[in-house]
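J.: Build me a model:
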Amino acid sequence: MSDGYAILKLDDLGRYPSPLHDGSVLLPLRRTLGFTAFGANCWTADVGGQIVPRHEEDSGNEELYVVVRGRVRFLVGDEELDAPAGTLVHVPSQTTRQAFAEEPGSIVLAVGGTVGEPFTVWDWEAVVVAFSAAEQGRLDEAREVVHEGIEARPGFWGHPYNLACLEARYGDPDEAYSYLARALALSEDDVRALAATDTDLDSLRDDPRFKELFG
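T.: Coordinates of the predicted model:
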């Protein structure tokens, strides 16, 4: 990295299996660069594994997928496509897409944004990175990732809520309650709606403190 620009290799990016994406492995490009113009991330998987989860964008978001390494099998709408390195696949909103790795080391670059709207950084990648690191026993790293999000957006309820979930699953229950209370203070309706069914919080539900928070 240097003043105003960055040069890196795909292999410089970490690998983070994502439960939010049915096990696809995230290479957090946008977050690593601090890139804010549009969404940009890389994905990989073992041979036969899912690189792009089956989904469609219903918010007006369109995406461009670039196979930068290996070979990938795409399913787009009703069509199946063999996509070796160098293939570009453009998928508009409301079109189903999914992709699977066909060769070792296959990597797809996905870029996207919503037509006619400025890009908003929600930093969902921080959740993937944090929970993946915690699952691998790197809890201090996981906490640091979420704390960075809290510092960057102190008024956003999502980061303290995610830190509460992280502590509930892997760390300190007392800290989990503290961050749940903080998230509730920022957006009670959102937190109540998520907490009602979020399995990350199951270890807390029988504690009187949980009932004090949520009634």
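J.: At which residues are the helices of this structure located?
T.: 29-33, 124-135, 139-152, 158-170, 173-186, 188-195, 208-214 (DSSP state H).
J.: now those as a markdown table including distance to Gly60?
T.: To be clear about C-beta, it is placed using only N, CA and C from the backbone, and glycine gets the same treatment. As requested, these are exported to a markdown table (distance: least, CB to CB, whole Å):
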| stretch | distance to Gly60 |
| --- | --- |
| helix 29-33 | 19 |
| helix 124-135 | 18 |
| helix 139-152 | 25 |
| helix 158-170 | 22 |
| helix 173-186 | 27 |
| helix 188-195 | 22 |
| helix 208-214 | 34 |
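J.: tell me the domain boundaries of this protein?
T.: Per automatic domain parsing, the structural domains of the chain span 10-114, 124-214.
J.: Reformat those as CSV; add mean neighbour count and distance to Asp3.
T.: Shown next, in CSV, are the domains of the chain (neighbours: other CB atoms under 10 Å; distance: least, CB to CB, whole Å):
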stretch, mean neighbour count, distance to Asp3
domain 10-114, 17, 14
domain 124-214, 18, 21
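J.: would you turn the ones you listed into JSON lines with mean pLDDT?
T.: Conversion of those to JSON lines gives the following (pLDDT from 0 to 100):
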{"stretch": "domain 10-114", "mean pLDDT": "95"}
{"stretch": "domain 124-214", "mean pLDDT": "95"}
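J.: related to what we said a few turns ago, mind checking which of the helices of the chain is nearest Asp58?
T.: Nearest to Asp58 among these is helix 124-135 (16.6 Å), distances taken as CB to CB.
J.: Many thanks, we can stop here.
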